[in-house]
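Trainee: Quick one, structure for this:
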Amino acid sequence: MATKKISSVMEKALNAQMTQEAWQAQVYLSYAAWAEENHYAGIADFLYKHSHEEREHMFKFIKFILNRGGKVKVEAIKAAPADPKDLGDCLKKLLQHEVENSKLIYTLTDLAHSEKDWPALNFAQWFVKEQVEEETLFSNMLDKYILATTKKEGNANLYDFDRDVANAPQETTIPQEEKF
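Mentor: Modelled structure (predicted):
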């Protein structure tokens, strides 16, 4: 058996976050099925992939716990929340789930720092960066949804315009002066 290189408190916290990541995967899976049922094929595909990503995060925790000589404790996860009422509600809830998950990651990071468990701190820092990306991703998606659905004149055109500008080059060619 490997020498245990994490405290019992850290082991418990890592296992709790591993379970949280499993639950996050269930939330995405549930919302993906809801989206597919409601004919949002693109949203469903995106959320199915995100569910898979959350499961990969769960496995990162499992491997880290084991590599540090800890014991993995797989526990039951709670049921996914009720279906969202509409696509906007879905995106708002997913953003809120990511914000709440960030808080848990920050608590884990604080614990690793207070215990001077530098490997755990380094491990947690990867998830801090990941959570910044997740929150930004879902915040941007919600912004796009609002832009596309808000009752403003030409809102669909604004959405298309914004997408076009995002892909526009930063430079343009200027015609040379003509010589006569």
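Trainee: separation between the closest residue to Ala79 other than its chain neighbours and Ala76?
Mentor: Ranked by CB to CB, 6 or more residues apart in numbering and with sequence neighbours excluded, the top spatial neighbour of Ala79 is Gln26, at 7.6 Å. For glycine as for every other residue, the C-beta is placed from the backbone atoms N, C-alpha and C. Here the criterion is CB to CB, to the nearest Å. By it, Gln26 lies 11 Å from Ala76.
Trainee: The residue nearest the centre of the chain: helix or strand, and which one exactly?
Mentor: Central residue of the chain (CA atoms, centre = their mean): Glu134, 3.5 Å from the mean position. Taking DSSP states H and E as the criterion, Glu134 maps to helix 118-149.
Trainee: in this protein, which spans are helices?
Mentor: Residue ranges of the helices in the chain, as given by DSSP state H, are 8-37, 41-67, 87-114, 118-149, 155-166.
Trainee: Highest mean neighbour count out of those?
Mentor: The highest mean neighbour count among these, using mean count of other CB atoms under 10 Å, belongs to helix 8-37: a mean of 19.
Trainee: quick one: that one to helix 41-67, angle?
Mentor: What separates the directions of helix 8-37 and helix 41-67 is an angle of 160 degrees, with axes from the mean of the first three to the mean of the last three CA atoms, to 10 degrees.
Trainee: Helix 8-37 - contacts with which helices or strands?
Mentor: When contacts are defined as 3 or more CB pairs under 8 Å, 6 or more residues apart in numbering; DSSP states H and E, helix 8-37 sits against helix 41-67, helix 87-114.
Trainee: For the ones you listed, could you give me TSV that also reports distance to Gln125?
Mentor: Supplementary listing: these in TSV, determined by distance: least, CB to CB, whole Å:
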stretch	distance to Gln125
helix 41-67	12
helix 87-114	7
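Trainee: Indicate which one of those helices is closest to Asn122.
Mentor: Go through those one by one with CB to CB and the one that ends up closest to Asn122 is helix 87-114, at 8.3 Å.
Trainee: who does the closest one touch, helix- and strand-wise?
Mentor: Judged by 3+ CB pairs under 8 Å, 6+ apart, the packing partners of helix 87-114 are helix 8-37, helix 118-149.
Trainee: In terms of mean pLDDT, which of these ranks lowest?
Mentor: Among these, helix 118-149 carries the lowest mean pLDDT, a mean of 92.
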